[in-house]
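# I would like to see how this sequence folds:
(chains A and B)
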Amino acid sequence: MTTDALVPSLAAVRPRLRRKAGAGKGFNNAAGHLVMVLLSIFCLFPVYWMVVTSLRPANAIFEESLWPTTVSLDNYAYALSAIPILRMLGNTLLIAAVVTVIQLGTGLLAAYAFARWRFRFDKLVYSAVALTWLVPFQVVMIPNYLLVARMGLLDSIIALILPNFASALAILLLAQTMRSFPKEVIEAARMDGARSWRILWEIMTPNLRGTLASLAILIFISTWNEYFWPLLLSRTPENSVIQIGIQMFMTSEGNQWGPLMAASTMASLPILIIYVVLQRQVIQSFMKSGIR
Amino acid sequence: MAETALPVHRSVSPELRVFKRRISPWLYLAPAIITLAVWIYWPLVDALRLSFYQWNMLPNAPQTFVGWENYTKIFALPKFWQALRNTGIYVVGLLPLAVLIPLAIAIYTHDLPARSRNIYRAIIFVPMIIAPVVAAAVWRWLLDPSYGVVNSPIEWLGFSPIKFLSDPKVAIWTIIVITGWKLVGFSTLILSAANANINPTLIEAARMDGASKWEVIRDIRLPLLSSSILFLVMMTILLGAQWSFSYINVLTGGGPLGSTSNIYYLLWDFGFSSMSVGWSSASAIILFIGFGAVAFGLFRLIDRYSFHDN
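This is a model prediction of the structure:
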């Protein structure tokens, strides 16, 4: 009622308001840009410096020119020969890809159970899944380590994958999306005699592409960056991931800065490429599901 | 197709159908439930059991029941209280970088043209996707006392180089800033998105009523942003100290003199450096109960404040 009266009057004054706001805008905008440029430098400079340092020849590592005066790949060659980096990158890629696929799979199955049926203890199980989010990894690390040791899987790639077979994040996010799926479509499919298995894979899953893609991005990046669990288990470089490899260039006797930066660059490159290609989707998927 | 499918469906006995209906959700849940039970819930119970034993993790060594001894010894340990205090410092120290500065930036820069805003967004988000170990390695290089690029202007101005990672007074703040570096862009984007969702007519109406810029922020923007702010504060309180673990482990090892160690690092240190399963498990249980209590309190708080949304 009152708002109805307000809207036309607002529209009438809008041009005037615009102009008034426009007067101070030049200065405001310049200051706003300055703030954002400073923040951007703070955020990006370390990454830039990593790449630049990795490209300097060994005798110019300590130079502080903003870009390398002579470019050399010596640091990369050294890093590649010092530890089996390619093997480690391959392991990391394998683990991240497998974990992503499996987590999406178990997530779809479990989310479907929650979205499709009412069953005894359903609320309890759902909260039990959600509550795993509240258990810090450090709390369960010793029993997990002992379990892996008992299974004889220390220093193996399988052990790095096993505990990540399911995640609360995937289950909850998919269950939320599935609940908003129109019930009529499922009913219609059921009438046609479709089994629940077929309904999940042929009707639900294709409609979840958006959520699945953003989950996949999130799971892949966080598995790629995972450090703590491999740190506990890895013994030999051949069965380890790239994050552990980076650490090998930091020793208590001193740091091999050039190779360290080269290894760091190689470890970040796949993620940075994904980011450059899918920038919008990456940002969205992180923002949709928070951080962990 | 339906005609052939239906009769088959009907011919199944009713008991079997009820049974199938009962069992099928559990079949779908099985892979996820088994994983979470084996790798999270069972270990939690096992940690509780181990917290009453003394054991050095060697398979042949005996596990001796010691009752509450692990707990009483931990509570008597100055190292534990130092780590607990540091955990608090991490959380409080992160709040400006993870919430306050992003909030100010989000409000201050919301009039920027869409194109440049998108470029800034893309840039400030980069730290979020960089691996913690890479971040630690790069910052170690940037902050190196002899060759680091951060110390060279400080030396050029005639000051002695700052030992960012080996001065006990400075080191914890260095770790906080590095943790904050990872988060500042993410938080800014969350708050900018919430800020952009505020209906502009509300702001215009307030301006017409003669509200000053600050009054608009205080009376309209901040209340409407409160749920996003609360979300970020909660994330920082619950997870802030956890995020810093990789940096502590790679950069300082909890030192110098335990000044950067927090409760998460202490667990790791007890378990895998001193090989004392009992101590580590006891502090894990203490941490879990404390963490759960804080989380419960925060969720209650959010429940009470979330009606601001509507």
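
# tally of neighbours for the closest residue to chain B within the stretch 151-292 of chain A?
As assessed by CB to the nearest CB, chain B sits closest to A:Gly193 within the stretch 151-292 of chain A, at 3.0 Å. To be clear about C-beta, it is placed using only N, CA and C from the backbone, and glycine gets the same treatment. When neighbours are counted by other CB atoms under 10 Å in any protein chain shown, A:Gly193 registers 16.

# again, but for the one 3 residues further on
By other CB under 10 Å, 21 other residues sit near A:Ser196.

# tell me which stretches of the stretch 101-250 of chain B form helices.
Secondary structure of the stretch 101-250 of chain B (DSSP state H, counting those that start in this stretch): helices located at B:101-108, B:114-124, B:126-129, B:132-142, B:151-156, B:168-196, B:200-208, B:213-216, B:222-243, B:245-247.

# what sits up against stretch B:250-259?
For stretch B:250-259, contacts defined as CB atoms under 8 Å, 6 or more residues apart in numbering or on different chains pick out A:247, A:250, B:79, B:82-83, B:86, B:132-133, B:136-137, B:139-140, B:165-169, B:171-172, B:174-175, B:178, B:248, B:260-261, B:265-266, B:269.

# taking the stretch 51-200 of chain B, what residue is nearest to chain A?
Counting by CB to the nearest CB, the stretch 51-200 of chain B gets nearest chain A through B:Ala131, at 3.8 Å.

# hmm, that residue is touching A:Ile271, no?
Yes: the pair B:Ala131 / A:Ile271 is scored as a contact, 7.4 Å apart, by CB atoms under 8 Å.

# overlap in contacts of those two?
With CB under 8 Å, 6+ apart, B:Ala131 and A:Ile271 have common neighbours A:Trp224, A:Asn225.

# so for the two, which sits in the more crowded spot?
B:Ala131 (23 against 20).

# for that one, give me phi and psi.
phi -60, psi 140 (degrees, to the nearest 10).

# and the gap between it and A:Tyr227?
Distance, B:Ala131 to A:Tyr227, by CB to CB, to the nearest Å: 7 Å.

# now do the shared contacts for these two.
With CB under 8 Å, 6+ apart, B:Ala131 and A:Tyr227 have common neighbours A:Gln243.

# for stretch A:73-84, buried residues please.
For stretch A:73-84, the buried set under the neighbour-count rule, 16 or more other CB atoms under 10 Å in any protein chain shown, comprises A:Asp74, A:Asn75, A:Tyr76, A:Tyr78, A:Ala79, A:Leu80, A:Ile83, A:Pro84.

# which residues of the stretch 151-292 of chain A score low on pLDDT?
The stretch 151-292 of chain A contains residues with pLDDT under 70 at A:252-254, A:290-292.

# helices of that one, start to end?
With DSSP H, counting those that start in this stretch as the criterion, the stretch 151-292 of chain A has helices spanning A:157-161, A:168-179, A:183-191, A:196-198, A:205-207, A:209-225, A:228-233, A:242-247, A:257-277, A:279-289.

# so which of those is the most packed in?
Mean neighbour count (mean count of other CB atoms under 10 Å in any protein chain shown) peaks for helix A:242-247 among these, with a mean of 25.

# roughly how far out does that one sit from the chain middle?
Helix A:242-247 has its C-alpha centroid displaced from the chain centroid by 18 Å (CA atoms, centre = their mean, to the nearest Å).

# does chain B sit close to it?
Yes: judged by CB under 8 Å from any CB of the partner chain, helix A:242-247 and chain B are in contact via A:Gln243, A:Ile246, A:Gln247.

# residues contacting residue 286?
With no chain named, the answer covers chain A. Neighbour list for A:Phe286: A:Leu218, B:Phe125, B:Met128, B:Ile129, B:Phe186 [criterion: CB under 8 Å, 6+ apart].

# meant chain B, my bad for not saying
Shown here is B:Ile286, whose contacts under the criterion CB under 8 Å, 6+ apart are B:Tyr71, B:Ile74.

# can you say which helix or strand has it in it?
Assigned by DSSP states H and E, B:Ile286 belongs to helix B:277-305.

# give me the mean pLDDT for that helix.
Mean pLDDT, helix B:277-305: 86.

# and that helix with helix B:222-243, angle?
Counting by axes from the mean of the first three to the mean of the last three CA atoms, to 10 degrees, helix B:277-305 lies at 170 degrees to helix B:222-243.

# what separates helix B:277-305 from the chain centre, distance-wise?
The answer for helix B:277-305 is 13 Å, by CA atoms, centre = their mean.

# also stretch A:94-108?
In terms of CA atoms, centre = their mean, the centre of stretch A:94-108 is set 13 Å apart from its chain centre.

# next one: stretch B:223-235
Centroid displacement of stretch B:223-235 relative to its chain, using CA atoms, centre = their mean, is 15 Å.

# chain neighbours aside, what residue packs nearest to A:Trp229?
Once flanking residues are discounted, A:Trp229 sits nearest to A:Leu160: 6.4 Å by CB to CB, 6 or more residues apart in numbering or on different chains.

# residue contacts, that neighbour?
Residues near A:Leu160 by CB under 8 Å, 6+ apart: A:Ile95, A:Trp229, A:Pro230, A:Leu233, A:Val241.

# number of nearby residues for B:Leu232?
Counted with other CB under 10 Å, B:Leu232 comes out at 24.

# quick one on the thing from earlier: would you format the buried residues of stretch A:73-84 as CSV with pLDDT, secondary structure and distance to chain B included?
Formatted as CSV, these follow (pLDDT from 0 to 100; DSSP: H, G, I helix; E, B strand; the rest coil; distance: CB to the nearest CB, whole Å):
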residue, pLDDT, secondary structure, distance to chain B
A:Asp74, 85, helix, 17
A:Asn75, 87, helix, 12
A:Tyr76, 91, helix, 15
A:Tyr78, 88, helix, 16
A:Ala79, 88, helix, 12
A:Leu80, 90, helix, 17
A:Ile83, 88, coil, 14
A:Pro84, 91, coil, 17
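
# please consider this matter closed, and thank you.
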